[in-house]
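Q: My questions are about this predicted structure, shown below with the sequence.
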Amino acid sequence: EAELASDGVNVENAAELILFADGTHCAMLKEAGINFFVANSEAVMESAGCADLTESPDLLKELLAAALVGSKKRAAPSEPGDRDYKRMRVSTLRQQLDDKGLDVDGSKEMLISRLEEADTDSGE
C-alpha cells in the first residue's frame, strides 16, 4: 500500500485507486489518491475512471471537502524539522513515521502519539 501510495497514483488511475482504497479500507492509499485528485483535479476528472466516482456519494462529498480545504491557504506549512505534530497533515505524519521505520497506519491521533513516543525514546 505504501509503495503504491507514494509512486503509483497517476491521472489515469487516481479515481479507480480512490474507490478501491475506500472499499478496502486502505487509508494511506485513499489519502494519496485524494491528495493527487485535489492537485490534479481537471486532468483526473477527464479520465475514464472518474465517472465511477458517482458510485459513492459519500466519497464525492469527501473529495469536495478535500478540494475546498486544498484551495484555501494553510496557516503554516509542515516543515520536515517541525515538531508541532498537531498542525501537520496526516501525509506528513505518515512520512515522518516511515522515515523512522515505524508503523504508518492509524488515525491522526495515533500517528501523533507514535511520533511523540519515538521522540521521547530517542531523547528529542
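A: Sure, I can see it. Since this is a predicted model, take the numbers as computed values, not measurements.
Q: Where do the helices of this protein begin and end?
A: For the chain, applying DSSP state H gives helices covering 2-7, 14-24, 27-39, 41-45, 57-71, 90-99, 108-122.
Q: who touches the residue nearest to the spatial centre of the chain in this structure?
A: Per CA atoms, centre = their mean, the C-alpha nearest to the average position across the chain is that of residue 31, at 2.8 Å. By CB atoms under 8 Å, 6 or more residues apart in numbering, the contact list for residue 31 reads 5, 90, 91, 94. Yep, even glycine has a C-beta here, placed from its N, CA and C like the rest.
Q: ok, now how distant is it from residue 51?
A: According to CB to CB, to the nearest Å, residue 31 stands 22 Å off from residue 51.
Q: And residue 27, by the same measure?
A: Going from residue 27 to residue 51 by CB to CB gives 24 Å.
Q: Neighbour count for the two, which is higher?
A: Between residue 27 and residue 51, counted using other CB atoms under 10 Å, the more crowded position is residue 27 (18 against 10).
Q: State whether that one and residue 110 are indeed in contact, as I suppose.
A: No - the criterion here is CB atoms under 8 Å, and residue 27 misses it with residue 110 at 10.8 Å.
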